[in-house]
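Enquirer: the following comprises the amino acid sequence and a computationally predicted model.
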Amino acid sequence: MRIAVVGCGYVGLVTGACLAEIGHEVVGVDSDKQKIEILKRGRVPIAEPDLNDLIGKNCREGRLRFTDELEQAGKTAEAVFICVGTPPLPDGEADLTALDRVARNIARYCPKSTLVVEKSTTPVQTAACLLRALEIYSGSNDSCFEVACNPEFLREGSAVRDFLHPDRVVFGVQSERAKGLLTEIYRPILDQTFNCPLHASHHGSPRPMLISTDMNTAELVKHASNAFLALKISYINAISDICEILGADVEQVARGVGSDPRIGPDFLRAGLGFGGFCLPKDIEAFVRIAQKSGYDFGLLREVQAINRRRIEVFLDKVKDALWVISEKKVGILGLAFKPNTDDIRFAPSVEIIRRLLAMQAAVRVYDPLAMDKVRALFPKIAYCKDAYELATGCEAILLVTEWKEFQELDWRKIKSLMDRPLVIDGRNLLNPAELRSFGFEYISMGRRR
Ligand code: NAD
């Protein structure tokens, strides 16, 4: 099918590349002309495993191209996927300005038979508002625009794999035609019959569950999923604090709890809490939606409060260990909100750097992918080429993102480079016994000292 994907960020680029890979003819549209220029020159503006290869391959094979104007692509598209950002407004509500702008363009340029698919994460009832907007802007009371909600569950860092091999695909539709079109678009993924060299499906690949429902329910599935993940993280972090008070070990508690199949081991890692573009803003938006509809979602407000306190808990450990922070050389190891991405939106590292700078620390940082994005926020701190340069002369290393490669560093060498061999591990990534055997003062979260 001919598909336009509007918004070429983390979700839009992955959606566009994967839909092209399974055989569709895709045009990626973004209002950011600079981003489109980069893409047209064959480069990819974000770091995401396998994405460069997939975009390159599909552009070469003629199934994927990019433009900054919906006008041309929209005229012939059978479906338009909206993947623009829905960032938080100051009061926590989702800002739907970009979505509204796209709706106006779709109404202007696309034929009424186009299926408009809302993939951005939006508050419940947005798809219904989108349909109304399309009717209004196209000047028609009996619009034939078909709107569907198709929430996205990909995780940055494994987004291509997640898109091609999802656990479930959710269609929020109000007609059999919309369901039929979406099923046709997703058929190779639903049946796992595509032939991607990077993430091959093969006979026996588990097929995703297809959940077809109304639009409001589909929108709620996305919010309820993210809220539950956040709840799990805050839950284990609360347990972590209790472990510290009572002298228990949160890693072992999490193992004991997570081995129950009704609970599961994922998202039970105690540490600095959740960040990123999805969980914090989606939980905030969900609390606001509930509030507006007359339900006080106190449970989620507590999830947020626990998460906000993680930075405090961590910085208290830093202050306890370093006493006066001013003039101390502190190295931040890891900046991205999680490993395998360059995304620093709502990353704990940003708040930690801000707070350390306010306390006059001499901050040095290293991250395998996210340095440029942090440089744009803090141009004056020291950017190191690797963890060893970071360690040199430091009085503390604060481990903030759980990159696997940090486990494989030569920690003996790091110790020899530091002024004071102190590691405060905000992700419980390192082995306490090993670090201590190398002579480190090692502090982590919810584990016995
Ligand atoms: P992003 O900021 O990386 O990308 C959004 C893109 O939309 C940008 O490139 C921006 O230039 C473009 N854009 C904005 N207004 C536009 C307009 N009027 N016309 C054309 N392009 C426009 O955001 P993202 O991380 O890809 O997230 C997009 C949506 O998907 C959000 O609603 C988010 O909550 C949701 N989501 C994100 C993830 C994730 O892991 N990032 C996962 C699932 C769902």
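Expert: Done, it's in.

Enquirer: now Lys222: closest residue in space that isn't a chain neighbour?
Expert: Pro151 (3.6 Å; C-beta to C-beta, 6 or more residues apart in numbering). Any C-beta I mention is one placed from the backbone N, CA and C, and that applies to glycine too.

Enquirer: which pLDDT value goes with that neighbour?
Expert: Model confidence at Pro151, given as pLDDT, is 98.

Enquirer: around the ligand, pick out the residues from the stretch 201-350 of the chain.
Expert: When proximity is defined by C-beta under 6 Å from any ligand atom, the stretch 201-350 of the chain lies next to the ligand at 277-278.

Enquirer: so where's the stretch 201-350 of the chain uncertain?
Expert: 202-204 (pLDDT under 70).

Enquirer: show me the strands in it, by range?
Expert: 209-213, 329-333 (DSSP state E, counting those that start in this stretch).

Enquirer: most neighbours per residue, which of those?
Expert: Among the strands of the stretch 201-350 of the chain, strand 329-333 has the highest mean neighbour count (mean count of other C-beta atoms under 10 Å), at a mean of 25.

Enquirer: hmm, who's touching that one?
Expert: 318, 322, 349, 352-353, 356, 361-367, 384, 387, 390-391, 393-401, 406, 419 (C-beta atoms under 8 Å, 6 or more residues apart in numbering).

Enquirer: distance between it and the chain's centre?
Expert: Relative to the centre of its chain, strand 329-333 is centred 25 Å away, using C-alpha atoms, centre = their mean, to the nearest Å.

Enquirer: near whatever residue of the chain ends up closest to the ligand, how many other residues are there?
Expert: Nearest to the ligand in the chain, going by C-beta to the nearest ligand atom, is Gly9, at a distance of 1.8 Å. Around Gly9 there are 18 other residues, counting by other C-beta atoms under 10 Å.

Enquirer: so for stretch 353-372, mean pLDDT?
Expert: On average, stretch 353-372 scores 98.

Enquirer: span of it from start to end?
Expert: Stretch 353-372 has an end-to-end distance of 15 Å (C-alpha to C-alpha, to the nearest Å).

Enquirer: quick one: buried residues of that stretch?
Expert: 353, 355-356, 359, 361-371 (16 or more other C-beta atoms under 10 Å).

Enquirer: rewinding a little: of the strands of the stretch 201-350 of the chain, which approaches Gly157 most closely?
Expert: Taking C-beta to C-beta, strand 329-333 is the member of the strands of the stretch 201-350 of the chain nearest to Gly157, at 17.5 Å.

Enquirer: given the closest one, what are its sheet partners and their directions?
Expert: strand 362-366 (parallel), strand 396-399 (parallel) (DSSP bridges).

Enquirer: how far does the longest one sit from the chain's center?
Expert: Spelled out, it's strand 362-366. For strand 362-366, the distance to the chain centre is 24 Å (C-alpha atoms, centre = their mean).

Enquirer: repeat that for the last one.
Expert: Strand 396-399 has its average C-alpha position 24 Å from the chain's average C-alpha position, going by C-alpha atoms, centre = their mean.

Enquirer: mind exporting the following helix or strand past that strand as PDB, just the C-alpha atoms?
Expert: Next in sequence after strand 396-399, counting helices and strands by DSSP states H and E, comes helix 404-407. Output of helix 404-407 as PDB, limited to C-alpha atoms (Å, rounded to 0.1, in the frame of the first residue of the first chain):
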ATOM      1  CA  LYS A 404      26.200  -3.100  29.400                       C
ATOM      2  CA  GLU A 405      29.700  -2.000  28.300                       C
ATOM      3  CA  PHE A 406      30.200  -0.300  31.700                       C
ATOM      4  CA  GLN A 407      30.200  -3.800  33.200                       C
END
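
Enquirer: any idea of the mean pLDDT in helix 404-407?
Expert: 97.

Enquirer: who's in contact with that helix?
Expert: By C-beta under 8 Å, 6+ apart, helix 404-407 touches 333-334, 339, 368, 387, 399, 429-430.

Enquirer: residue contacts, Phe346?
Expert: Phe346 touches 275-277, 280-281, 337, counting by C-beta under 8 Å, 6+ apart.

Enquirer: tabulate the residues you listed in JSON lines, adding columns for distance to Arg65 and neighbour count.
Expert: Formatted as JSON lines, those follow (distance: C-beta to C-beta, whole Å; neighbours: other C-beta atoms under 10 Å):
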{"residue": "Gly275", "distance to Arg65": "33", "neighbour count": "25"}
{"residue": "Gly276", "distance to Arg65": "29", "neighbour count": "22"}
{"residue": "Phe277", "distance to Arg65": "26", "neighbour count": "22"}
{"residue": "Pro280", "distance to Arg65": "34", "neighbour count": "22"}
{"residue": "Lys281", "distance to Arg65": "31", "neighbour count": "23"}
{"residue": "Phe337", "distance to Arg65": "31", "neighbour count": "28"}
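
Enquirer: still on that earlier bit, test my guess that the residue of the chain closest to the ligand contacts Gly85.
Expert: Yes. Using C-beta atoms under 8 Å as the test, Gly9 is close enough to Gly85 to be in contact (6.4 Å).

Enquirer: any low-confidence regions in the stretch 51-200 of the chain?
Expert: 141-143.

Enquirer: name the residues of it found near the ligand, please.
Expert: 83-86, 98, 101-102, 120-121, 152, 154, 156.

Enquirer: give me that answer again for 5 Å
Expert: 84-86, 98, 101-102, 120-121, 152, 156 (C-beta under 5 Å from any ligand atom).

Enquirer: can you tell me which two in those are farthest apart?
Expert: Most distant of those, by C-beta to C-beta, are Arg101 and Glu156, 24.4 Å apart.

Enquirer: the more surrounded of those two?
Expert: Between Arg101 and Glu156, counted using other C-beta under 10 Å, Glu156 has the larger neighbour count: 25 against 13.

Enquirer: where's the more buried one, which helix or strand?
Expert: Glu156 belongs to no helix or strand, assigned by DSSP H and E.

Enquirer: who touches it in this structure?
Expert: 10, 48, 276, 338, 340-341, 343.

Enquirer: ditto for Glu146
Expert: With C-beta under 8 Å, 6+ apart, Glu146 has these contacts: 113-116, 175, 177-178, 181.

Enquirer: what about these, which are in helices?
Expert: Among the contacts of Glu146, the members found in helices (DSSP state H) are 177-178, 181.

Enquirer: buried ones in stretch 38-51?
Expert: Buried, per 16+ other C-beta under 10 Å, within stretch 38-51: 39, 44-51.

Enquirer: can I get these in CSV with secondary structure?
Expert: What follows is these, written out as CSV (DSSP: H, G, I helix; E, B strand; the rest coil):
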residue, secondary structure
Leu39, helix
Val44, coil
Pro45, coil
Ile46, coil
Ala47, coil
Glu48, coil
Pro49, coil
Asp50, coil
Leu51, helix
